[in-house]
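**Q** build me a model from this:
(one chain, ligands or ions: 1)
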Amino acid sequence: MDRTAPAPRELLEIAVEVARDAAATAYRMRAEGVSVAATKSTATDVVTAADRAVERQVMDALHRLRPADAVLGEEYGAGGPAGPGGPGGVRWILDPIDGTVNYLYGLPHCAVSLAAEVDGQVVAGVVRNVSTGEEWTATLGGGAWRDGERLRCSTETDLGQSLVATGFGYDPGRRAHQARVIAELIPHVRDIRRLGAAALDLCLAAEGRVDAYYEKGLAAWDLAAGGLVAGEAGLRVGGLGGLPAGPDMVIAAPPALFEPLHARLADLDASGGP
Ligand code: IPD
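**A** As a prediction, this is how the structure comes out:
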């Protein structure tokens, strides 16, 4: 079916409304106590009841507001129509709680991440910190914002002076490889941060609270909204060897830092290993 998608601004308004309610649910459920509902890829890759409840809530809200759209969520996969439904079709991409381990431990670095994709391109996204209420938004071509303030990434040009955020997968073999990469990278940067929520890491890079970010193994729901926020704040967002950012590698760095960071990561085979 050929449809005309709404303007990114309209999709963002829906995303923000839905994400705020979702974050409120996650906050309330955390206050009431949290426990592990299940594990996924490994024994440390947990799902809480809140991950599931928040995802259901967002799916229901999107189906009510935009019944023809597809939804991809971290916990339940695809919902609604099988796909975005041809040209102009919208697909929502949701991480109900990014930073689930932080959420479990009561660390204030976890977020609801919701993006709208049209014809395979993310055009609007919101990331809302469940604990602090900080909210980052972006529309394609419309800039990145936090709580009304336009965001610009770091102007750092020296990798040696750069604070670089990253994250680890849940698979022990992958983590061992990622640790080897860090051991070789850390002498060449100011320092490394592992904060525990990829969507928030990308938003922090968008406002220069870290200079750059990279990680292997991100899923679409980790990257969609935060990647748009980062790109709209002036970061170059890509993978290794000219590939787009994706599961093999996401690098988000100010233009002057992208090549030197990319060169180090390529030398270290950062997208290799399990
Ligand atoms: C994880 C977090 C973490 C990153 C992992 C992700 P989850 O998402 O974003 O920072 O290093 O790659 O899987 O499991 O908390 O939704």
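**Q** what parts of the chain come near the ligand?
**A** Selection of the chain residues close to the ligand by CB under 6 Å from any ligand atom yields 74, 95, 98-100, 167-169, 196-198, 215, 217-218, 222. Using the backbone N, CA and C atoms, a C-beta is placed for each residue, glycine as well.
**Q** just among these, which is most surrounded?
**A** Counting by other CB atoms under 10 Å, residue 95 has the largest number of neighbours within the residues of the chain next to the ligand, with 33 neighbours.
**Q** ok, it touching residue 112?
**A** Yes. With contact defined as CB atoms under 8 Å, residue 95 reaches residue 112; the gap is 7.3 Å.
**Q** mind checking which of the residues of the chain next to the ligand land in helices?
**A** Those of the residues of the chain next to the ligand mapping onto helices are 100, 198, 222, per DSSP state H.
**Q** let me see the contact set for the closest residue to the last one other than its chain neighbours.
**A** By the measure of CB to CB, 6 or more residues apart in numbering, the closest residue to residue 222 outside its immediate chain neighbours is residue 198, 4.2 Å from it. Going by CB atoms under 8 Å, 6 or more residues apart in numbering, residue 198 touches 98, 167, 215, 218, 222-223, 226, 250.
**Q** can you rerun that using 6 Å?
**A** 167, 218, 222 (CB atoms under 6 Å, 6 or more residues apart in numbering).
**Q** ditto for residue 16
**A** Taking CB under 6 Å, 6+ apart, one finds residue 126 in contact with residue 16.
**Q** and if we set it to 7 Å?
**A** Residues near residue 16 by CB atoms under 7 Å, 6 or more residues apart in numbering: 126, 137.
**Q** next one, pLDDT for it please.
**A** The score at residue 16 is 98. That number is its pLDDT.
**Q** tell me the SS of it?
**A** The assignment at residue 16 comes out as helix when based on DSSP: H, G, I helix; E, B strand; the rest coil.
**Q** likewise residue 71?
**A** Three states are possible here, and by three-state DSSP the one that applies to residue 71 is strand.
**Q** roughly how far does it sit from the ligand?
**A** For residue 71, the distance to the ligand (CB to the nearest ligand atom, to the nearest Å) stands at 16 Å.
**Q** what does residue 108 give?
**A** Applying CB to the nearest ligand atom to residue 108 and the ligand gives a distance of 14 Å.
**Q** quick check, that residue in contact with residue 132.
**A** Yes. Taking contacts as CB atoms under 7 Å, residue 108 lies within contact range of residue 132: 5.9 Å.
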